[in-house]
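Asker: Could you work out the structure for the sequence below:
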Amino acid sequence: MTVDSQRSSTSEQRSGRALLEKLPWWLLIIVGIILYMVVRVLVDPTYARIFKTILQGLGMTLQVTVISFIFALVLGMVLGLGRISKNFILRNLAITYIEFIRGVPILVLIFSISFAVVPALSSLLGFSGNNVSMVTRAIIALVLIYAAYIAEIFRAGIESIGRGQMEAARSLGMSHVSAMRHIILPQAIRNVLPALGNDLIALLKDTSLVSVLGVREITQVARLSVSSTFLYDQTYFTLTLFYLTMTLILSLMLQWLQRRVRQE
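Answerer: Predicted structure coming up:
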């Protein structure tokens with residue numbers, strides 16, 4: 001074998017090794033697990049029956065996730081702006097809220113907000129707390145909880161923008177509010193998209209916690225199914241399939257969105 005042929009063979013081996021290393025093996029493994037579970041659902045009547053049962057709670061899971069995240073985004077942005085406000089009172093109120101929420105377990109907050117805060121607010125507004133459904137209480141709880149985490153994301157995003165841009169905007173005659181709205185926030189939002197995406201995925205998974213309120217999302221439906229069928233393995237494996245599939249799809253969609261934003 002000549003020296004040139006040896007070099008060519010070594011180069012091919014290296015390129016092949018590099019190609020293997022670039023493959024998203026984590027994605028292939030997860031997709032393989034999902035496909036295995038899908039096949040079980042298709043060929044096993046027990047799995048198929050459990051899948052159809054859990055599917056009944058999918059709409060509620062997505063509804064709670066989407067509504068909670070939208071309102072948490074709005075409240076989180078307000079809190080984030082308050083967190084960096086020059087107003088002493090607003091800044092300290094925002095910091096107090098954020099640190100309080102972040103210092104208490106989510107499950108404890110769900111109980112406290114649903115069974116203490118919501119009834120108290122209902123009585124102040126002049127109607128009975130019994131008229132507030134558990135779904136509404138769950139959404140309120142998740143909004144108030146995740147707004148604190150999203151506030152810190154917005155704060156970090158705003159502070160990542162150089163102060164010179166605000167000063168330049170003010171020198172052009174823009175007010176602080178106008179400069180924040182048109183100059184700072186658009187750039188900050190682009191910077192925090194990955195972190196916001198992670199919080200959306202976390203919120204989707206944390207909707208399982210509202211099952212303690214009796215909300216019929218997929219975890220609660222699975223628990224009710226287990227209590228009557230005692231098919232623990234099949235039910236919870238299928239429930240795992242639901243969450244794994246949803247989070248994987250959402251993660252891939254967010255990665256695609258981030259690439260599009262970077263290209264613009």
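
Asker: Chain neighbours aside, what residue packs nearest to Thr53?
Answerer: Closest residue to Thr53 apart from its sequence neighbours, by Cβ to Cβ, 6 or more residues apart in numbering: Ser225 at 5.0 Å. From N, CA and C alone the C-beta is placed, and that goes for glycine too.

Asker: What about that neighbour, how many residues nearby?
Answerer: The tally of other residues near Ser225 (other Cβ atoms under 10 Å) stands at 21.

Asker: Now do the phi/psi pair for Gly173.
Answerer: With angles defined as degrees, to the nearest 10, Gly173 sits at phi 100, psi 0.

Asker: And the strands in the stretch 51-200 of the chain?
Answerer: Counting by DSSP state E, counting those that start in this stretch, the stretch 51-200 of the chain has no strands at all.

Asker: What is the end-to-end distance of stretch 162-176?
Answerer: Terminal residues of stretch 162-176 are spaced 15 Å apart (Cα to Cα, to the nearest Å).

Asker: Pull the distance from it to the chain's centre.
Answerer: Distance of stretch 162-176 from its chain centroid, counting by Cα atoms, centre = their mean, to the nearest Å, is 33 Å.

Asker: Equivalent analysis for stretch 97-111, please.
Answerer: 17 Å.

Asker: again, but for stretch 200-216
Answerer: With Cα atoms, centre = their mean, you get 11 Å for stretch 200-216.

Asker: Please enumerate residues in contact with that stretch?
Answerer: Stretch 200-216 has contacts (Cβ atoms under 8 Å, 6 or more residues apart in numbering) with 56-57, 60-61, 64-65, 68-69, 72, 106-107, 110-111, 114, 134-135, 137-138, 141-142, 146, 217-220, 223, 243, 246-247, 250-251, 254.

Asker: repeat for stretch 150-164
Answerer: 72-73, 75-84, 94, 98, 102, 180, 184-185, 187-189, 191-192, 195-196, 199.

Asker: Can you tell me how far the residue nearest in space to the middle of the chain is from Val132?
Answerer: Taking Cα atoms, centre = their mean, the centroid of the chain lies closest to Leu200, which sits 1.6 Å from it. Leu200 is 25 Å from Val132, where distance means Cβ to Cβ, to the nearest Å.

Asker: returning to that earlier point: host element of the residue nearest to Thr53?
Answerer: helix 218-229 (DSSP states H and E).

Asker: tell me what the helix or strand following that helix is packed against?
Answerer: Moving toward the C-terminus from helix 218-229, the next helix or strand (DSSP H and E) is helix 232-263. Applying 3 or more Cβ pairs under 8 Å, 6 or more residues apart in numbering; DSSP states H and E, one finds that helix 232-263 makes contact with helix 25-43, helix 45-55, helix 185-206, helix 218-229.

Asker: Report the inter-axis angle for helix 232-263 versus helix 218-229.
Answerer: 170 degrees (axes from the mean of the first three to the mean of the last three Cα atoms, to 10 degrees).

Asker: where's helix 232-263 relative to the chain centroid, distance-wise?
Answerer: In this view, helix 232-263 has its centroid 11 Å away from the chain centroid, taken as Cα atoms, centre = their mean.

Asker: Go through that helix and flag the buried ones.
Answerer: 234-235, 238-239, 241-243, 245-248, 251, 254 (16 or more other Cβ atoms under 10 Å).

Asker: Could you do stretch 66-75 as well?
Answerer: Neighbour-count burial for stretch 66-75 [16+ other Cβ under 10 Å]: Ile67, Ser68, Phe69, Phe71, Ala72, Leu73, Leu75.
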